[in-house]
Every structure is written in structure tokens, then in C-alpha cells.
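> generate coordinates for the sequence data below:
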Amino acid sequence: MIPPGFLQDLLARVDIVDVVGSHVELKRGGANFMGLCPFHAEKSPSFSVSPSKQFYYCFGCGASGDAIRFLMEHQGLSFIEAVRDLAQRVGMQVPEEQLSPEELVRRDQLRERRLSLGEVLVRANDFYRGQLKTSPRAIGYLKARGLTGVVAARFGLGYAPPGWRTLAGVFPRYDDPLLEEAGLVRHREQAEGEAEDGERGRYDWFRDRVMFPIRNVGGEVIGFGGRVLDDSKPKYINSPETPLFSKGRELYGLFEARQALRERGFALVVEGYMDVVALAQHGFANAVATLGTACTAEHVQKLFRFTDAIVFSFDGDAAGRRAAARALEAALPHASDLRSVKFLFLPPEHDPDSYVRELGAEAFEQALAAAVPLSRQLVEQAAEDADLETAEGRARLAAQARPLWDALPEGSLKDQLLGEIAERARLPREDLARRWGLRPGGAAAP
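Presented below is the predicted three-dimensional model:
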């Protein structure tokens, strides 16, 4: 718990004009500053920042708050993260729980290592971006995929040359342990009897690949994804887990999609880097992607900081159905009555990239409009492998639905779904509730 006195002192030292002005172009208008609202699309400035009140307010959409609230809403930070960000700006130390001297040293070392890793990744990113400009082959590949230079620049796309030790000419020390920790360089195990050499056996992890920098919500490069320019395998490789990068928490394209999430009103979650970039090229700038892993509850929670609606898009094949099942399980605990979660299944022969390129943006809009709501997806998933024409199959549906239903937060959606599950199982609602040990009204018995 952060003491209220500290928060008051922090907000007194912070200038909200500087905080907001680092993200929104502001111009003085009388006693206040005005700009285009970052929380909704508008052509005339209606977003006001008051230096005297240290408060922002949008006359268009009603968004308002202090500097902490702005970082939480605009950057998607948690309360603690926003407080720490502001405290760092003004040189204040956030009061936290008592830590031992050893724990304090360990925390400071981790912070320093994160900063050093960040510097290494920025330098590599600058190199990859420069290499793309000089590679006709890589440029030709992106053009063949229908991408323009504008969208490539927006996502910071680059190219890793085919050489095994290209980065040796980029960094002063190719044997710097940070290069391995950042996932840029790998190390071959030394053979028995082989002379020890700091650089022997090291090689670039990313070679002859289009590079997709992965940014955190603040825009800092925290890792990379690399795609081959042909059909060789593996098609994609990613940075490893580092102190900066966790696949279970980060989403590709979230930094670039922040504004579009608010303008379009929903997040479109896909499975690949190229899906995100291709969709942005065709007007769907609200797309983000998981990073080679299943969607997690942390992914869902992060997205709900920016929007109250999520549409998951998957291929219609068996793998896509499995991915949808994991996404459903991740979303259920966060599916409150004021939030929307839907599932879009494309034909098995398409992913979002190929679908929008071959059939166009209008066809993809129509597919989005037909997305399946979470309630229906839950029942359909519970009915998998269940023959509803038999008593055994209906019993199986009810059994498979129970853990999914339990994961929902209390509310009207959960109450209604109890009735839908009972109907599909051909049971009176009261009987299903009794069998599940629920009290009248659907609440779990103590």
C-alpha cells in the first residue's frame, strides 16, 4: 500500500502538462493547454489540460483524471507502474515493503541489467532497420506481401543479414554476455580439448530474416521476432525470455495499436506478426498478436486496460480450435457484464493475412460482424465430443461446462449461461443448479 501522503506529494511535484505533452501535442489556449484527445478520434481539439488544477478533461468523450490516471489509461500501466514512472521522473523513491539489504542489492542489479539489455536491443534494432534499406531481396519480399514502406516504418521492420557473425561488426565486444542474454547471439558448446576463446563458437541467432521488433506498451524494444523470406523451417523464431521480455505477458503490436483500440472500440487478437502488419495495412490497426504462445490471462487483462471488447481471430482448423479453447479459458475470469469477448473463425485455408489480402477489407469486416460471442463459444466448447442426442452426451456437456462456467465472474452473464447450459443439457435450470451445489439464484453454496 502506497501512503496517500506520498501520492499527494508526488502529484504536487509532477507537471501534468509535461506528462501529457510527451504523448499529445498541446498548444496553450488561455489558462489551459489544448490538443487532440488521445482517447477517441477527433479532428478539432477538445482535450484540455489544466496546469493550475493538474487535471485533464476531454469535452468530447469525457475522459478525465490526474497524471497517474493518464498513464494508466493511455499507456496501459497498472497503478503501481504509473506511480513508479512518475516518481522516477521527479527523483522520488516509492515507499514499498521493507526489503533486506540483500534484496535491495538484488533489485538494483536487476534494474541495471534491464537498462543494459535495453541499450543492446536498441542498437541491434537500429542496425536491422538500416540493413532493410540496403536489401533489395528483403524489400521485394515485403512488397510481394503487399506492404508499403509507410507501414514497414510504422512497425520498425528490419532485416538480419545472412552472415553468421554480422553483429560482431555492430558491437565492440561480440563476447559480451549481454548479447546472449538479449537473445541476439547463441553460443556453441565448446568441444572437449578445444582451446577456450571468448568469441569461439558464437553466432548470430537471427540470420537472413525479416525482423519484427517487439515493443512494450511504452514503445521500448524488448525483443524480436524473425521470419524467413522463403518456405524454410522454422518459419518464425523469437527472442528468448529475458528480464525485459516475457511471451506470456507481452503482445506484438500493442504499442502501435493503442490509439486504434480506442477508435475502433475493440482489440483484434491474431496469432502472427505478419497478420498484425497486414491487417494494419488494410485499415485494421487495432490488431495485436500473441508471441508464439497461447493467449494468457495476463494478455487479456492487459488488453482490457485499453478497451472493453476483444475479438480473437483463429484459423478454422483443429489447431485454431485448440487455440480458441485456451483463449476462452484465459478470458473467462475477466468476462464481466460490461465487457465483450468474441471469437472469429476463418476458413481453414486462410489466416488473417491471406484473407484480407485475397478477399479485401470489406470481406474481413463482414467476418468480424459474424464473430461468435463468448457465451456461445463456451457452450459449443462444452459440447465438444458430446452426442447431444443421447443422455450420456448431454451429461458430458454439463460436466465439461461446469469448470468453464465456474471461471466466470459473478453477474448477469453467468446467471444467463446457467440457463443456456441447462437447456442444452435438457435439464430444468433448478435441477442443474441443485446438481452443481448452487443456492437458489445460481450462487455457489457455502
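> what helix or strand is the nearest residue to Ser412 once chain neighbours are set aside located in?
The spatial neighbour of Ser412 that comes closest, neighbours along the chain excluded (CB to CB, 6 or more residues apart in numbering), is Asp337 at 5.1 Å. (C-beta placed from N, C-alpha, C; glycine too.) For Asp337, there is no helix or strand it lies in under DSSP states H and E.
> Glu263 too?
Per DSSP H and E: helix 254-264 holds Glu263.
> ok, now Ile214?
Ile214 belongs to strand 209-215, assigned by DSSP H and E.
> quick check: mean pLDDT of the next helix-or-strand element following that strand?
Downstream of strand 209-215, the next assigned helix or strand under DSSP H and E is strand 221-228. The pLDDT scores in strand 221-228 average 95.
> do the same with stretch 127-139
96.
> got the contact list for the residue nearest to the spatial centre of the chain?
By CA atoms, centre = their mean, the chain has its centre lying nearest to Leu251, at 2.5 Å. Residues counted as contacts of Leu251 (CB atoms under 8 Å, 6 or more residues apart in numbering) are Val269, Val288, Ala289, Thr290, Leu291, His299, Lys302, Leu303.
> which among the residues you listed gets closest to Ser313?
Using CB to CB, the shortest approach to Ser313 within the contacts of Leu251 belongs to Val269, at 6.7 Å.
> mind listing what the nearest residue to the closest one once chain neighbours are set aside touches?
Leaving aside its sequence neighbours, Val269 sits nearest to Phe312 (CB to CB, 6+ apart; 4.9 Å). Each residue near Phe312 by CB under 8 Å, 6+ apart is listed here: Val269, Cys295, Ala324, Ala327, Ala331, Val341, Lys342, Phe343, Leu344.
> among the contacts of Leu251, which lie within helices?
Using DSSP state H, the subset of those located in helices is His299, Lys302, Leu303.
> from what I can see the last one touches Arg258, true?
Same thing as Leu303. No - between Leu303 and Arg258 there is no contact under CB atoms under 8 Å: 10.8 Å.
> between strand 221-228 and the strand holding Ile214, find me the angle.
160 degrees (axes from the mean of the first three to the mean of the last three CA atoms, to 10 degrees).
> and strand 209-215, C-alpha only, in CSV?
The C-alpha trace of strand 209-215 is given here as CSV (Å, rounded to 0.1, in the frame of the first residue of the first chain):
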residue,chain,number,x,y,z
ARG,A,209,15.2,-12.9,-41.7
VAL,A,210,12.7,-10.0,-41.8
MET,A,211,12.9,-8.6,-38.3
PHE,A,212,9.9,-7.5,-36.3
PRO,A,213,10.9,-5.5,-33.2
ILE,A,214,8.7,-6.3,-30.2
ARG,A,215,7.9,-3.2,-28.2
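> model confidence for the residue nearest to Val269, exactly?
Reported pLDDT for Phe312: 97.
> and the one 3 residues further on, by the same measure?
Per-residue confidence (pLDDT) for Asp315: 79.
> that one bridge partners, please.
Going by DSSP bridges, Asp315 is paired in beta bridges with Leu346.
> make 58 the starting number, not 1.
Understood, numbering begins at 58; the last thing we discussed is Asp372.
> what sits against it?
So Asp372 contacts Glu328, Phe402, Leu403, Pro405, His407, Asp408 (CB under 8 Å, 6+ apart).
> ok, now how distant is the residue nearest to the centre of the chain from Leu435?
Leu308 sits 23 Å away from Leu435, going by CB to CB, to the nearest Å.
> how about Gly62?
Distance from Gly62 to Leu435, by CB to CB: 46 Å.
> helices or strands up against the helix or strand harbouring Gly62?
Element membership for Gly62 (DSSP H and E) is helix 61-70. Judged by 3 or more CB pairs under 8 Å, 6 or more residues apart in numbering; DSSP states H and E, helix 61-70 is in contact with helix 124-132, helix 136-146.
> now mean neighbour count, mean pLDDT and distance to Ile73 too, for those, in a markdown table please.
Putting those into a markdown table (neighbours: other CB atoms under 10 Å; pLDDT from 0 to 100; distance: least, CB to CB, whole Å) gives the following:
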| stretch | mean neighbour count | mean pLDDT | distance to Ile73 |
| --- | --- | --- | --- |
| helix 124-132 | 21 | 90 | 5 |
| helix 136-146 | 17 | 89 | 10 |
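> any chance of those in a markdown table with distance to Asp265 as columns?
Putting the helices and strands packed on helix 61-70 into a markdown table (distance: least, CB to CB, whole Å) gives the following:
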| stretch | distance to Asp265 |
| --- | --- |
| helix 124-132 | 35 |
| helix 136-146 | 37 |
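> Val208: which of these is closest?
helix 124-132 (22.8 Å).
> helices of the stretch 158-307 of the chain, start to end?
Taking DSSP state H, counting those that start in this stretch, the helices of the stretch 158-307 of the chain run over residues 158-190, 193-201, 206-211, 234-238.
> to Phe96, which of those helices lies closest?
Judging those by CB to CB, what sits closest to Phe96 is helix 206-211, at 20.5 Å.
> tell me which residues of the closest one come out buried.
For helix 206-211, the neighbour count (16 or more other CB atoms under 10 Å) marks Val208, Ala209 as buried.
> contact partners of it?
So helix 206-211 is contacted by Leu189, Leu199, Glu313, Val334, Ala337, Gln338 (CB under 8 Å, 6+ apart).
> with neighbour count added, can I get those in CSV?
Conversion of these to CSV gives the following (neighbours: other CB atoms under 10 Å):
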residue, neighbour count
Leu189, 20
Leu199, 21
Glu313, 21
Val334, 26
Ala337, 21
Gln338, 22
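> between those, which is closest to Gly282?
Distances from Gly282 to those, taken by CB to CB, are shortest for Val334, at 10.9 Å.
> separation between that closest one and Pro219?
From Val334 to Pro219 the distance is 22 Å (CB to CB).
> got it, and His131?
In terms of CB to CB, His131 sits 40 Å off from Pro219.
> next one: Leu395
Counting by CB to CB, the gap from Leu395 to Pro219 is 51 Å.
> same deal with Thr447?
In terms of CB to CB, Thr447 sits 59 Å off from Pro219.
> of these two, which one has the most company?
Neighbours were counted for Thr447 and for Pro219 using other CB atoms under 10 Å; Pro219 has more, 13 against 10.
> in this structure that one contacts Tyr260, no?
No - between Pro219 and Tyr260 there is no contact, the gap being 11.7 Å when judged by CB under 8 Å.
> ok, and what's touching stretch 80-87?
74, 77, 90-93, 95, 102, 104-106, 131-132.
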